[in-house]
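Engineer: The sequence isn't on hand, but the structure is:
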DNA sequence: CACGCGTATTGACGTCTGTCAACATAGACG
DNA sequence: CGTCTATGTTGACAGACGTCAATACGCGTG
């Protein structure tokens, strides 16, 4: 069975516990890559910390000095990798952070502090 | 005062708590970028999970079907960003995972599970 | 000192990525 | 139905990135 990146990341032991297999690393790396951009990091934090854990694109474009298509592109990257859920309501599109994915990713990177 | 990426990441609230500033995102993103490569992910997990939390380069090159300079390049990336400490002992070089950096990064990405 | 071995650096190459301008799509509303 | 507004898609381009072959460096050992 083939797992998506967000599914894979939930299955792996923490980095410090056991070496990742090539397959696991190949799956997880794109998740990190999606987060490894200043704009996408801010987008994730804007959405995740927004009221209700979701935000409209109209709320997201303002803080950046970037064109609207560029923001749209970054949101697509985060959505396609599974870090954001997307929902259209009338004219507006709302993105919601998949916090379990973030939590699982965090658990993979750092063993929970004792 | 200017903080290094590993220092910055220790200071930020989790993504879900508060939006990252542009400055914070610009500092933290390179850390994630360093991890966002399958080879470097495996290197980190190999080193972090290795006996004593450290490993010699000679232990690290074998599992990969890559040239020695390529491995050396990836280790340099992880070292320069502050995720690996480097120590030369005689002919061999040992890399040690900076687990606090990983832990802090994990805390930034995912709010600790309750 | 010269050689050998482990590791790092350099230079080159193809590929991927972030960005924008221009255009497309799709609902809402008159 | 046409227009307006919100969002997504396409195509293009410069810069970054992963990889390797060739070469350099540094330290034990004979």
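Structural biologist: Yes, it's here. In this text, all values refer to a predicted model and were calculated from it rather than measured experimentally.
Engineer: State the distance from residue A:53 to DNA strand D.
Structural biologist: As judged by CB to the nearest atom of the strand, to the nearest Å, residue A:53 and DNA strand D stand 17 Å apart. C-betas here are computed from N, CA, C, even on glycine.
Engineer: wouldn't that residue be in contact with residue A:96 here?
Structural biologist: Yes. In this structure residue A:53 lies within contact range of residue A:96 using CB atoms under 8 Å: 5.8 Å.
Engineer: Mutual contacts of the two, please.
Structural biologist: residue A:47 (CB atoms under 8 Å, 6 or more residues apart in numbering or on different chains).
Engineer: helix/strand/coil for residue A:16?
Structural biologist: coil (DSSP: H, G, I helix; E, B strand; the rest coil).
Engineer: What residues does it make contact with?
Structural biologist: For residue A:16, counting by CB under 8 Å, 6+ apart, the contacting residues are A:110, A:111, B:45, B:48, B:49, B:53, B:97, B:99, B:102.
Engineer: Filter the residues you listed down to the buried ones.
Structural biologist: Buried residues within the contacts of residue A:16, defined by neighbour count using 16 or more other CB atoms under 10 Å in any protein chain shown: A:110, A:111, B:45, B:48, B:49, B:97, B:99, B:102.
Engineer: any chance of these in a markdown table, plus distance to DNA strand D and secondary structure?
Structural biologist: Supplementary listing: these in a markdown table, determined by distance: CB to the nearest atom of the strand, whole Å; DSSP: H, G, I helix; E, B strand; the rest coil:
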| residue | distance to DNA strand D | secondary structure |
| --- | --- | --- |
| A:110 | 21 | coil |
| A:111 | 24 | coil |
| B:45 | 16 | helix |
| B:48 | 19 | helix |
| B:49 | 20 | coil |
| B:97 | 18 | strand |
| B:99 | 22 | helix |
| B:102 | 18 | helix |
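Engineer: Thanks a lot, catch you later.
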